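Peer 1: With the input below, show me the fold.
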Amino acid sequence: MAGGIFPRLKEYQNDIDYSNVFRISAYRMAIRYENTIWGNETGVIYSTLSDFDGKPLGSLNDEYYKDLTKTNFPNSEIFTFENIYDIYTTLLLEDIKGCLLDKPFVDYFTNRYPGRITTYPKEFDDNNYGFGFQKNEEGEKLVKEFNEFLSKTDIDALYYKWTHT
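Peer 2: Numbers count the residues shown, from 1 in each chain. Sure, this is the predicted structure:
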(Lines give C-alpha, C1' and ligand atoms only; values in the text may rest on other atoms or scores of the structure.)
Protein backbone atom coordinates (compact mmCIF):
# COMPACT_ATOMS: atom_id res chain seq x y z
CA MET A 1 0.00 0.00 0.00
CA ALA A 2 1.48 3.31 -1.04
CA GLY A 3 0.71 6.72 0.38
CA GLY A 4 1.73 10.26 -0.34
CA ILE A 5 0.99 13.92 0.17
CA PHE A 6 -1.91 14.94 -2.01
CA PRO A 7 -3.81 18.15 -2.51
CA ARG A 8 -7.48 17.67 -1.70
CA LEU A 9 -8.90 17.85 -5.20
CA LYS A 10 -12.36 16.62 -6.09
CA GLU A 11 -10.83 14.53 -8.88
CA TYR A 12 -9.17 12.33 -6.24
CA GLN A 13 -12.01 11.94 -3.71
CA ASN A 14 -13.22 8.55 -4.99
CA ASP A 15 -9.74 7.02 -4.97
CA ILE A 16 -7.95 8.57 -2.00
CA ASP A 17 -8.69 8.40 1.72
CA TYR A 18 -7.16 11.52 3.30
CA SER A 19 -5.66 12.19 6.69
CA ASN A 20 -6.56 15.32 8.57
CA VAL A 21 -5.42 18.51 6.86
CA PHE A 22 -1.90 19.25 8.08
CA ARG A 23 -1.01 22.20 5.90
CA ILE A 24 -2.93 24.87 4.05
CA SER A 25 -0.82 26.10 1.22
CA ALA A 26 -1.00 27.96 -2.05
CA TYR A 27 0.33 27.29 -5.49
CA ARG A 28 3.38 29.40 -6.30
CA MET A 29 5.29 30.21 -9.44
CA ALA A 30 8.94 29.18 -9.43
CA ILE A 31 10.90 31.34 -11.85
CA ARG A 32 14.52 31.54 -12.83
CA TYR A 33 16.80 34.51 -13.00
CA GLU A 34 17.52 35.59 -16.55
CA ASN A 35 21.10 35.52 -17.83
CA THR A 36 22.76 34.45 -14.61
CA ILE A 37 25.47 31.98 -13.73
CA TRP A 38 25.59 29.73 -10.68
CA GLY A 39 25.82 31.81 -7.52
CA ASN A 40 25.17 35.15 -9.23
CA GLU A 41 22.52 36.96 -7.17
CA THR A 42 21.71 39.58 -9.81
CA GLY A 43 19.14 39.05 -12.47
CA VAL A 44 15.89 40.19 -13.97
CA ILE A 45 12.80 39.21 -12.02
CA TYR A 46 9.44 39.20 -13.75
CA SER A 47 7.26 41.86 -12.15
CA THR A 48 3.84 41.28 -13.78
CA LEU A 49 1.99 38.23 -15.06
CA SER A 50 1.99 39.70 -18.55
CA ASP A 51 5.81 39.51 -18.51
CA PHE A 52 5.29 35.78 -19.13
CA ASP A 53 3.29 36.33 -22.34
CA GLY A 54 4.77 34.24 -25.12
CA LYS A 55 7.25 32.60 -22.72
CA PRO A 56 7.54 28.83 -22.25
CA LEU A 57 6.24 27.60 -18.85
CA GLY A 58 6.19 24.17 -17.25
CA SER A 59 3.26 22.27 -15.77
CA LEU A 60 2.77 18.82 -14.35
CA ASN A 61 0.89 16.58 -16.76
CA ASP A 62 -2.28 16.74 -14.67
CA GLU A 63 -5.53 18.45 -15.66
CA TYR A 64 -5.65 20.61 -12.53
CA TYR A 65 -2.09 21.96 -12.96
CA LYS A 66 -2.51 22.49 -16.69
CA ASP A 67 -5.81 24.34 -16.20
CA LEU A 68 -4.38 26.47 -13.37
CA THR A 69 -1.37 27.40 -15.50
CA LYS A 70 -3.44 28.15 -18.62
CA THR A 71 -5.92 30.23 -16.61
CA ASN A 72 -3.22 32.42 -15.05
CA PHE A 73 -0.90 32.52 -18.08
CA PRO A 74 -3.20 32.32 -21.14
CA ASN A 75 -0.64 33.79 -23.53
CA SER A 76 2.23 31.50 -22.57
CA GLU A 77 3.34 28.27 -24.18
CA ILE A 78 2.73 25.42 -21.69
CA PHE A 79 4.97 22.35 -21.67
CA THR A 80 3.88 19.37 -19.57
CA PHE A 81 6.13 17.13 -17.49
CA GLU A 82 5.56 13.82 -15.74
CA ASN A 83 7.32 14.84 -12.51
CA ILE A 84 8.64 17.89 -10.68
CA TYR A 85 12.29 16.93 -11.11
CA ASP A 86 11.99 17.09 -14.90
CA ILE A 87 10.32 20.50 -14.59
CA TYR A 88 13.11 21.87 -12.40
CA THR A 89 15.86 20.38 -14.55
CA THR A 90 14.30 22.11 -17.55
CA LEU A 91 13.95 25.33 -15.54
CA LEU A 92 17.61 25.18 -14.51
CA LEU A 93 18.64 24.49 -18.11
CA GLU A 94 16.73 27.67 -19.01
CA ASP A 95 14.37 25.95 -21.46
CA ILE A 96 11.30 27.21 -19.56
CA LYS A 97 10.89 30.50 -17.70
CA GLY A 98 8.86 29.21 -14.77
CA CYS A 99 6.44 26.64 -13.41
CA LEU A 100 3.32 26.82 -11.27
CA LEU A 101 3.44 24.17 -8.54
CA ASP A 102 2.50 23.48 -4.95
CA LYS A 103 4.23 25.84 -2.52
CA PRO A 104 6.13 23.02 -0.72
CA PHE A 105 7.82 21.99 -3.98
CA VAL A 106 8.60 25.59 -4.90
CA ASP A 107 10.05 26.22 -1.42
CA TYR A 108 12.18 23.08 -1.65
CA PHE A 109 13.71 24.04 -4.99
CA THR A 110 14.18 27.75 -4.22
CA ASN A 111 16.05 26.76 -1.06
CA ARG A 112 18.06 24.15 -2.93
CA TYR A 113 19.06 26.52 -5.76
CA PRO A 114 19.41 30.01 -4.28
CA GLY A 115 20.41 32.55 -6.88
CA ARG A 116 19.05 30.35 -9.67
CA ILE A 117 15.39 29.87 -8.80
CA THR A 118 13.17 32.34 -7.01
CA THR A 119 9.44 32.75 -6.42
CA TYR A 120 7.07 35.06 -8.23
CA PRO A 121 5.50 37.23 -5.49
CA LYS A 122 1.88 36.15 -6.06
CA GLU A 123 0.11 33.14 -4.62
CA PHE A 124 -2.37 31.24 -6.76
CA ASP A 125 -5.32 29.18 -5.52
CA ASP A 126 -5.08 27.85 -1.94
CA ASN A 127 -5.00 24.14 -1.28
CA ASN A 128 -5.43 21.92 1.76
CA TYR A 129 -2.95 19.09 2.05
CA GLY A 130 -3.50 15.71 3.60
CA PHE A 131 -1.62 12.48 3.44
CA GLY A 132 -3.53 10.16 1.14
CA PHE A 133 -3.88 6.43 0.97
CA GLN A 134 -5.79 4.19 -1.38
CA LYS A 135 -9.46 4.18 -0.46
CA ASN A 136 -10.03 0.71 1.00
CA GLU A 137 -10.01 -1.03 4.39
CA GLU A 138 -6.21 -0.95 4.75
CA GLY A 139 -6.10 2.71 3.69
CA GLU A 140 -8.72 3.60 6.30
CA LYS A 141 -6.57 1.95 9.00
CA LEU A 142 -3.47 3.81 7.83
CA VAL A 143 -5.32 7.15 7.81
CA LYS A 144 -6.28 6.64 11.48
CA GLU A 145 -2.67 5.82 12.40
CA PHE A 146 -1.37 8.80 10.45
CA ASN A 147 -3.88 11.15 12.10
CA GLU A 148 -2.57 9.98 15.48
CA PHE A 149 0.98 10.72 14.30
CA LEU A 150 -0.08 14.19 13.12
CA SER A 151 -1.60 14.99 16.51
CA LYS A 152 1.84 14.46 18.12
CA THR A 153 4.00 16.16 15.48
CA ASP A 154 5.29 19.72 15.07
CA ILE A 155 4.15 20.17 11.46
CA ASP A 156 5.95 23.51 11.00
CA ALA A 157 9.28 21.98 12.06
CA LEU A 158 8.70 18.99 9.79
CA TYR A 159 7.83 21.29 6.86
CA TYR A 160 10.95 23.39 7.45
CA LYS A 161 13.15 20.29 7.53
CA TRP A 162 11.59 18.94 4.34
CA THR A 163 11.91 22.18 2.37
CA HIS A 164 15.41 23.13 3.63
CA THR A 165 17.34 19.85 3.36
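Peer 1: and residue 153, that's in a helix?
Peer 2: No: counting by DSSP: H, G, I helix; E, B strand; the rest coil, one finds residue 153 to be coil, located in no helix.
Peer 1: Quick check: phi and psi on it?
Peer 2: The phi/psi pair for residue 153 (degrees, to the nearest 10) reads phi -110, psi 140.
Peer 1: got a list of what it touches?
Peer 2: Counting by CB atoms under 8 Å, 6 or more residues apart in numbering, residue 153 makes contact with nothing. Every residue, glycine included, has its C-beta placed from N, CA and C.
Peer 1: mind checking pLDDT for it?
Peer 2: pLDDT, residue 153: 83.
Peer 1: what about it, distance to residue 19?
Peer 2: 11 Å (CB to CB, to the nearest Å).
Peer 1: Starting from residue 118, give me the distance back to residue 10.
Peer 2: In this view, residue 10 and residue 118 are 32 Å apart by CB to CB.
Peer 1: Which of the two has more residues huddled nearby?
Peer 2: Using other CB atoms under 10 Å, the more surrounded residue of residue 10 and residue 118 is residue 118, with 20 against 7.
Peer 1: Is the more buried one bridged to anything, and to what?
Peer 2: Following DSSP bridges, residue 118 is listed with bridge partners residue 31.
Peer 1: thought it was touching residue 110?
Peer 2: Yes: here residue 118 reaches residue 110: they are 6.0 Å apart, a contact under CB atoms under 8 Å.
Peer 1: Check the contact lists of those two and give me the overlap.
Peer 2: Residues touching both residue 118 and residue 110 (CB under 8 Å, 6+ apart) are residue 30.
Peer 1: Please name the bridge partners of the most centrally placed residue in the chain.
Peer 2: For the chain, the residue nearest the mean C-alpha position is residue 102 (2.3 Å; CA atoms, centre = their mean). Judged by DSSP bridges, the bridge partners of residue 102 are residue 27.
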